[in-house]
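Peer 1: here is the input, now give the coordinates:
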Amino acid sequence: MNTSRYQQCIEACQACARACDECASACLSEEDVGMFAGCIRLDLDCAAVCRVASSLMARESSFVTEFCELCAGVCAACAAECSNHEAEHCQRCAQACNRCAQACRDMAAGPAAG
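Peer 2: Okay, here's the model as predicted:
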């Protein structure tokens, strides 16, 4: 198998999943955890979707294009939510999510997709 065509997207997904895990954990330590409930939910969803996308690319699944399009949407939603919070961990997560969303869009739209 030659997964090199997916390498940049796999790395972005893995970095995003890690950032989302870190953000969710940090949100749980915030004074007003309730204010971060939506952020935590999206962090968990985004991390899970990114891990599945990374796994599908690693095995060159026939569902890569469609799943990466979904992943881009979840990442964009998570980035938007995290951007609403001033916490540094949320801002770092939003950046990672935006990078991953773009990498997934590029991969899904590219000539190597599918």
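Peer 1: so which residue of the protein lies furthest out from the middle?
Peer 2: E31 (25.4 Å; C-alpha atoms, centre = their mean).
Peer 1: show me where the chain has helices.
Peer 2: Here the chain has its helices, by DSSP state H, at 7-28, 37-58, 64-83, 88-109.
Peer 1: reformat those as JSON lines; add mean neighbour count and mean pLDDT.
Peer 2: (Each C-beta comes from the backbone N, C-alpha and C, glycine too.) Output for the helices of the chain, formatted as JSON lines (neighbours: other C-beta atoms under 10 Å; pLDDT from 0 to 100):
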{"stretch": "helix 7-28", "mean neighbour count": "20", "mean pLDDT": "97"}
{"stretch": "helix 37-58", "mean neighbour count": "20", "mean pLDDT": "97"}
{"stretch": "helix 64-83", "mean neighbour count": "21", "mean pLDDT": "97"}
{"stretch": "helix 88-109", "mean neighbour count": "21", "mean pLDDT": "96"}
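Peer 1: from D21, how far out is R99?
Peer 2: Note on R99: its distance to D21, by C-beta to C-beta, to the nearest Å, is 16 Å.
Peer 1: cool, and A103?
Peer 2: Distance, A103 to D21, by C-beta to C-beta: 18 Å.
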